[in-house]
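**Q** no sequence for this one, just the structure:
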């Protein structure tokens, strides 16, 4: 999740996107009776989480990524995590403490951690930092993010097929480009199978506030919404859908434990492979400051975990579209014969054209079909 630095991000993120002490291999013995080199010490990897670790959600997915690193590297790695760290001064304090206590690589998965990470990195040039969802790099700071909008488009197809009212809801944290990309892609996915579908948006101006998330969902259900999506940090919206007998798209994690009847599909992001690769690179001395924007093709975004009410034909349609996105044959932000317009009537994508990454990254508009305005 990322702090509401939307203005700064829109202005700067187009320009970017997509130490550790080197532990050398054990030296070979040079002669009979030569002493064996001591085993290499495990890599110390730190993780900072913006919310508590719950059973599902943003932080849960990064915690699963940390566990994947441990499973893959075993005794070669020792991980530490600190949860529920507020963006800002608290984040800088925690990140600095991890660097000062010998952590050789530190993962900071929240947009609001970007500046604190950069500040600490200047003081610890030998420590490697991974700014997840950030866009500013440094010699010892890499950035990575996922193309969440690809999963949102696919979820929109499922929602469009399942909705009987043709009206979806969307509970959103802050109007940063990533969230706007998701709302727009979800709407375009719905309208690809139901051209008259609409999506009503409620802005919360907070990432993690379960009571507030629940209230927003309930308000939307009172406005003809029968399927809902969200970009917030808890399972509250899914729980509200289950309570009201409505449908919901899970985000970050599979949430069928919370909404066994409500969940129609889940958009999940997978960090284990990336985190493991980066720790290995630090370990073997090949770590470089990079910026990655990975999606379905890279295995960082996956749509599945269908609920029991979703017909097999709809499931297959979504899975086929997922394969098409992975193969580069389907692009969510591509116009067909007609242009794509925003919800104020301005043409945003010309007929037959697709947005480039440089155009997607700073997105600051809502597509036609979205009922709502940008929170200011």
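**A** Here it is on my side, so go on. Bear in mind the structure is a predicted one, so any value in this text is a computation, not a measurement. Residues are numbered from 1 along each chain as shown.

**Q** Surely residue 248 is in contact with residue 259?
**A** Yes - between residue 248 and residue 259 there is a contact under C-beta atoms under 8 Å: 5.8 Å. (Glycine included, C-beta is placed from N, CA and C.)

**Q** Spit out the residues that contact these two alike.
**A** 238, 241, 242 (C-beta atoms under 8 Å, 6 or more residues apart in numbering).

**Q** does the first one count as helix, strand or coil?
**A** The three-state assignment at residue 238 reads helix, by DSSP: H, G, I helix; E, B strand; the rest coil.

**Q** Kindly report the same for the second one.
**A** Put simply, residue 241 is helix when judged by three-state DSSP.

**Q** quick one: contacts for it?
**A** 217, 221, 228, 247, 248, 259, 262, 263.

**Q** next one: the last one
**A** Applying C-beta under 8 Å, 6+ apart, one finds that residue 242 lies in contact with 248, 258, 259, 260, 261, 262.

**Q** same thing but at 10 Å, please
**A** Counting by C-beta atoms under 10 Å, 6 or more residues apart in numbering, residue 242 touches 235, 248, 255, 256, 258, 259, 260, 261, 262, 263.

**Q** The first one against residue 51, yeah?
**A** Yep, that's residue 235 we're talking about. No - in this structure, residue 235 is not within contact of residue 51 by C-beta atoms under 10 Å, at 11.9 Å.

**Q** and the next element down the chain from the worst-scoring helix or strand of the chain on mean pLDDT?
**A** Every helix and strand in the chain was compared by mean pLDDT, DSSP states H and E; the lowest is helix 6-12, with a mean of 42. Sequence-wise, the next helix or strand downstream of helix 6-12 (DSSP states H and E) is strand 43-48.

**Q** That next one: partners in the sheet, and parallel or antiparallel?
**A** strand 77-82 (parallel), strand 105-109 (parallel) (DSSP bridges).

**Q** before we move on, the earlier item: the more surrounded of residue 235 and residue 51?
**A** Neighbour totals were compared for residue 235 and residue 51, and residue 235 leads with 27 against 19 (other C-beta atoms under 10 Å).

**Q** Please report phi then psi for the more buried one.
**A** phi -100, psi 10 (degrees, to the nearest 10).

**Q** Residue 201 too?
**A** phi -110, psi 140.

**Q** Can I take it that residue 257 is in a helix?
**A** No - per three-state DSSP, residue 257 lies outside any helix segment and is coil.

**Q** That one: neighbouring residues, count only.
**A** Residue 257 has 12 neighbours, counted by other C-beta under 10 Å.

**Q** quick revisit: between residue 248 and residue 259, which is the more surrounded one?
**A** Comparing residue 248 with residue 259 by other C-beta under 10 Å, the one with more neighbours is residue 248, at 32 against 22.

**Q** Does that one touch residue 163 like I think?
**A** No - look at residue 248 against residue 163 with C-beta under 10 Å: they stay out of range, at 11.6 Å.

**Q** Show me how the chain divides into domains.
**A** 6-29+38-147+271-294, 148-269+301-371 (automatic domain parsing).

**Q** where among those domains is the average confidence lowest?
**A** The minimum mean pLDDT among those belongs to domain 6-29+38-147+271-294 (a mean of 86).

**Q** count of neighbours near the nearest residue to residue 342 once chain neighbours are set aside?
**A** Of all residues not flanking residue 342 in the chain, residue 365 sits nearest, at 4.4 Å (C-beta to C-beta, 6 or more residues apart in numbering). Using other C-beta under 10 Å, residue 365 has 14 neighbouring residues.

**Q** mind listing what residue 365 touches?
**A** By C-beta under 10 Å, 6+ apart, the neighbours of residue 365 are 180, 184, 341, 342, 343, 344, 346, 348, 374.

**Q** What of residue 145?
**A** Residues in contact with residue 145 (C-beta under 10 Å, 6+ apart) are 2, 13, 17-18, 109, 111, 131-135, 178, 269, 291-295, 300, 361.

**Q** quick one: the helices in the protein?
**A** In the chain, the helices defined using DSSP state H lie at 6-12, 58-73, 89-100, 114-123, 148-162, 177-193, 210-221, 236-244, 272-284, 312-326, 357-360.

**Q** Quickly compare those and say which is most buried.
**A** helix 148-162 (a mean of 27; mean count of other C-beta atoms under 10 Å).

**Q** how big is the angle separating that one from helix 312-326?
**A** 160 degrees (axes from the mean of the first three to the mean of the last three C-alpha atoms, to 10 degrees).

**Q** now the angle from helix 148-162 to helix 177-193?
**A** Using the same axes, to 10 degrees: helix 148-162 against helix 177-193 is 30 degrees.

**Q** and helix 148-162, what other elements does it pack with?
**A** strand 167-172, helix 177-193, strand 227-231, strand 247-252, strand 263-269, strand 301-304, helix 312-326 (3 or more C-beta pairs under 10 Å, 6 or more residues apart in numbering; DSSP states H and E).

**Q** Residue 135 reaches residue 114, doesn't it?
**A** Yes - the pair residue 135 / residue 114 is scored as a contact, 7.2 Å apart, by C-beta under 10 Å.

**Q** rewinding a little: output the shared contacts of residue 248 and residue 259 in CSV; the columns should cover distance to residue 167.
**A** Formatted as CSV, those follow (distance: C-beta to C-beta, whole Å):
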residue, distance to residue 167
238, 18
241, 14
242, 19
